[in-house]
Structures are given as structure tokens and as C-alpha cells.
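In: pasted the sequence and its predicted model underneath.
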Amino acid sequence: MDHSPFHLTEPDQCLSSVVFASPHSASTYPPEFLSQSILDRVAIRSSEDAFVHDLVDSAPEFGAPLLVAGVPRAYVDLNRSPDELDPALILGATRRGQNPRVASGLGVIPRVVSNGRAIYAGKLTMGEARTRIDRYWRPYHNAIQRLLEAAHGNFGQAILVDCHSMPHEAMEGAARARGHSPEIVLGDRFGAAADGEIVDRIEAAFAAAGLRVARNAPFAGAYVAQAYGRPSRRQHAVQIEIDRALYMDERRVCRNANFDPFRLIMRGVIAEIAAIGHDRMPLAAE
């Protein structure tokens, strides 16, 4: 497999402390991986955040870099810790406490795609798992760290906006509870990953575009938000989940008729979020 671990688009001039990232939207599946899988080419894409990087590709126009994964989520999940290895899939892996993500087959090397459908008929070697992590996971996260350090050095703060999509059916429970389902879910790990004022402004950007927004339910943020959200150090991480029904046909994994209008809406939202990063946060008292 010879894929770039990520694709980075930088602005002509960096004007914002915001870094946009899309860790789950890659859609290039190498033949050798497909030959390992028992799924067809549509089913294996069901856990992709398909087209998300296209929805946010205007970020560099507003002075913010955009980092996009180069390999698919089904191959290696960049929103997991590298030690979230699944003993049910990887030979020699040992269970480490109670980890519901790993137990459900959604470790750093996923065992299943959506609806619990198995990717493989058998197990993978530890060597293959480590190779995927070393070749793709580590370079991607090294790139995130470099971008955040640069933003912090230039602006006195760094804001990572981690962009995802969510199955429409995931919102059905929320609809029953609230009377309507959110179209956007912001995850800040209940305040642990980002300053409340920043999350307020991101929520306001979506709300002003006419979108229904919820926080932390049912998605509060996974590894990326946990690893990079350090508000006390003026480094913030916010996970954004977008209802796939807004722009795509989930069953066929293709864009629907609303894709272009929604992309235009997202362009305005991205401009507002990038503008948050134009502000310098006041330095904390020493």
C-alpha cells in the first residue's frame, strides 16, 4: 500500500489559529485491503465520513489549514489511540481494562464497519497492525501537533476543529427525547477539551446558518478531542458531527441533490469559525 498518510492544504497566508481536520473521509481502498475483506465496496464505505473534506475545503480561503486523512477509517482509525488494539482481531493483542470502543470492534484497527458488520473473516498479525499505525497514524498525528504548535506560536492559541459526519439513524433517539433531532453535534468532552466561549461561537455559527445544534450527545468527542484539548494551555479541540442526510445518500454512499447548497452553507459557517481564530486570547497571568 503506497498512500500518503495525509493531505495538507495550507492557506496562502495563515490568518487564523483554527486548524480544520477530517480524519475519516478518505475513500481510496487499496486492492490488497479489499481482497482481505469479506465486505463489498459499498458496505466497506459505510463507516466513512464520506465527502466531509469537500464540505470544509474552503477553510484555506479563510486563512486556516485543512488536514485530511489519506487512508480510510476501515483501514486505520485516526480518531483512536494507537494502543486501542482489539484482541478479537489482532493476534497477540491483550485486553486493557474496559474499553467500549475496542469491545464493539472499533479500535485503532477496526474489526467492523457500521451496524457491526465484520470487515475480515479471520485475524490480522500484530506486525500488520503496527505497520499501519507507524505508516499512517503517526505521521497524521505528528502533522496535527505541528499545525497546533504553529498556530499557538503565531496567535497565542490553537483551535482544532475535527470534522465528522454521523448516520441519520443515530439521531432518532435524540429526536424522541427532544421532539426534534439535531443536525450538528458539537463534542468538547463536556467542557474538558475546549473553552466554553469558543464552543459557544462555533454553535452560534451553525445556528445562524439555520442548523439545529446539540452538544456532547450522543457524541462528546473521542481520542482526538481528548488528546489535543488542553484549554488551560489555550489549545482547544472541538469535534463536529454533521447529519449525513443533509448532503448524501447513505445507502449508496453518494452525494444527494442537496450537496452543493449545503456545501455553500458550510462555506459561510467555516468563514465564521475561522474568524474565531483571528482573535488573540489574553495570556494567562504568570
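Out: Received the coordinates, thanks.
In: after the least confident helix or strand in the chain by mean pLDDT, which helix or strand is next?
Out: For the chain, using mean pLDDT, DSSP states H and E, the weakest element among its helices and strands is helix 172-178, scoring a mean of 59. Downstream of helix 172-178, the next assigned helix or strand under DSSP states H and E is strand 184-187.
In: which other helices and strands contact that next one?
Out: Applying 3 or more C-beta pairs under 8 Å, 6 or more residues apart in numbering; DSSP states H and E, one finds that strand 184-187 makes contact with helix 196-208, strand 213-215, strand 235-243. For the C-beta atoms, the positions are set from N, CA and C on the backbone; glycine is no exception.
In: run me through the strand neighbours of that strand, direction for each.
Out: strand 213-215 (parallel), strand 235-243 (antiparallel) (DSSP bridges).
In: give me the next element, helix or strand, following the last one.
Out: What it means is strand 235-243. With DSSP H and E, the next secondary element past strand 235-243 is strand 248-249.
In: packing partners for the helix or strand following that following strand?
Out: Elements were assigned by DSSP H and E; along the chain past strand 248-249, the next helix or strand is strand 254-255. Packing partners of strand 254-255 (3+ C-beta pairs under 8 Å, 6+ apart): strand 248-249.
In: distance from the chain centre to the strand it packs on, please.
Out: 18 Å (C-alpha atoms, centre = their mean, to the nearest Å).
In: what about that strand, average pLDDT?
Out: Strand 248-249 shows a mean pLDDT of 96.
In: what strands line up against it, and which way round?
Out: Strand 248-249 sits in its sheet next to strand 254-255 (antiparallel), going by DSSP bridges.
In: look up phi and psi at the residue nearest to S58 when sequence neighbours are not counted.
Out: Distances taken as C-beta to C-beta, 6 or more residues apart in numbering place R267 nearest to S58, at 4.6 Å, with adjacent residues excluded. Per-residue torsions, R267: phi -60, psi -40 (degrees, to the nearest 10).
In: count of neighbours near R267?
Out: 17 (other C-beta atoms under 10 Å).
In: gap between it and D260?
Out: Plainly put, R267 is 11 Å away from D260 if you go by C-beta to C-beta, to the nearest Å.
In: check whether D243 really touches H180, as I assumed.
Out: No. The criterion here is C-beta atoms under 8 Å, and D243 misses it with H180 at 11.7 Å.
In: out of those two, which sits in the busier spot?
Out: D243 (20 against 11).
In: what's the pLDDT at the more buried one?
Out: pLDDT, D243: 97.
In: and the helices in the chain?
Out: 31-36, 52-55, 100-103, 126-132, 138-155, 172-178, 196-208, 223-228, 259-276 (DSSP state H).
In: buried residues of the third one, list them for me.
Out: Under the neighbour-count criterion of 16 or more other C-beta atoms under 10 Å, helix 100-103 has 101-102 buried.
In: what do you get for the fifth one?
Out: Along helix 138-155, these residues count as buried under the neighbour rule (16+ other C-beta under 10 Å): 140-141, 143-144, 147-148, 150-152, 155.
In: got the contact list for R215?
Out: 185-188, 199, 203 (C-beta atoms under 8 Å, 6 or more residues apart in numbering).
In: 7 Å - rerun?
Out: Contacts for R215 (C-beta atoms under 7 Å, 6 or more residues apart in numbering) come out as L186.
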